[in-house]
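>>> Sharing a sequence plus its predicted fold:
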Amino acid sequence: MHVFKTKYSVIRYFSFGPRVLFATAALCGLLVAQGCGNKDEPGPSPASASNRMDELTSEQLRNGIGPVTSVDLGEYNPDLANEGQELFKIKCSACHKIDQRYVGPALNDVLSRRTPAYVMNMILNPEEMVKRHPEAKKLLAEYAAPMANQHLTQEEARAIVEFLRNTNNNQSK
Ligand code: HEC
């Protein structure tokens, strides 16, 4: 009798056991697949994107990030500088003074700390500059206000650089 009972319960276990096991396995499989799926899709892409973001080339460190890769200043051009001065009054003076700190830094000596290309990229692409360039990030932290994109053309930004060549402490470089 006792033996029979044991046998019976073993048989009963096997009679529905596999079905339960199968269902459990299927559920686990689904969860694992979903877990993996989640990891595969959005997981690695932002990670690699942010790796890319953090790796600036030495050119980008020197010349900033944006459409301008290098600028050959050539001879000082007073007409271009006048044009730049006018643009500066209209587009920049709300936040910058030439010789003192205001909403943003003084710019009279900016060309002694930045390359002309860096200045142009800061004018043309400030959003990305303050996000990715270590120097621009530092300034954003210090001034606690973001530099506004004034939507200038590359030529207009170049004219402002010409104007900045001729402000107080700048050497023509
Ligand atoms: C809304 C205010 C605002 C306007 C408008 C603005 N800037 Fe700025 N600028 C800033 C601030 C603030 C910073 C410091 C970095 C930051 O916080 O983004 C800055 C940084 C800069 C820098 C970097 C200086 C350095 O030492 O690296 C340059 C160059 C610059 N601005 C040029 C200009 C020019 C040229 C214009 C006009 C086309 C202009 N800015 C318009 C606020 C402004």
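Received the coordinates, thanks. Residues are numbered from 1 along each chain as shown.
>>> May I see the buried residues of stretch 152-166?
152, 156-166 (16 or more other Cβ atoms under 10 Å). The C-beta positions use only the backbone N, C-alpha and C, and glycine is treated the same way.
>>> same for the ligand: which of these are within range?
Among the buried residues of stretch 152-166, the residues lying close to the ligand (Cβ under 6 Å from any ligand atom) are 152, 160.
>>> possible to save the buried residues of stretch 152-166 as TSV with secondary structure and pLDDT?
Formatted as TSV, the buried residues of stretch 152-166 follow (DSSP: H, G, I helix; E, B strand; the rest coil; pLDDT from 0 to 100):
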residue	secondary structure	pLDDT
152	coil	98
156	helix	98
157	helix	98
158	helix	98
159	helix	98
160	helix	98
161	helix	98
162	helix	98
163	helix	97
164	helix	97
165	helix	96
166	coil	91
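>>> Could you pull out the buried residues of stretch 80-97?
So stretch 80-97, judged by 16+ other Cβ under 10 Å, has buried residues 80-81, 83-85, 87-88, 91-92, 96.
>>> between those residues, which is nearest the ligand?
residue 92 (2.8 Å; Cβ to the nearest ligand atom).
>>> ok, so what distance separates that closest one from residue 99?
Plainly put, residue 92 is 14 Å away from residue 99 if you go by Cβ to Cβ, to the nearest Å.
>>> and what of residue 65?
28 Å.
>>> Neighbour count: these two, which is higher?
Set side by side, residue 65 and residue 99 show more neighbours around residue 65, with 20 against 11, by other Cβ atoms under 10 Å.
>>> In three-state terms, label that one for me.
coil (DSSP: H, G, I helix; E, B strand; the rest coil).
>>> which residues sit in contact with it?
By Cβ atoms under 8 Å, 6 or more residues apart in numbering, the residues touching residue 65 are 56, 121, 125, 128-129, 132-133.
>>> how about a cut-off of 7 Å?
By Cβ atoms under 7 Å, 6 or more residues apart in numbering, the contact list for residue 65 reads 121, 125, 128-129, 132-133.
>>> Next: residue 133.
56, 64-65.
>>> Residue 146 versus that one, what's the distance?
Counting by Cβ to Cβ, the gap from residue 133 to residue 146 is 13 Å.
>>> and for the two, which residues touch both?
Residues touching both residue 133 and residue 146 (Cβ under 7 Å, 6+ apart): none.
>>> Now the terminal residues of stretch 139-154, how far apart.
23 Å (Cα to Cα, to the nearest Å).
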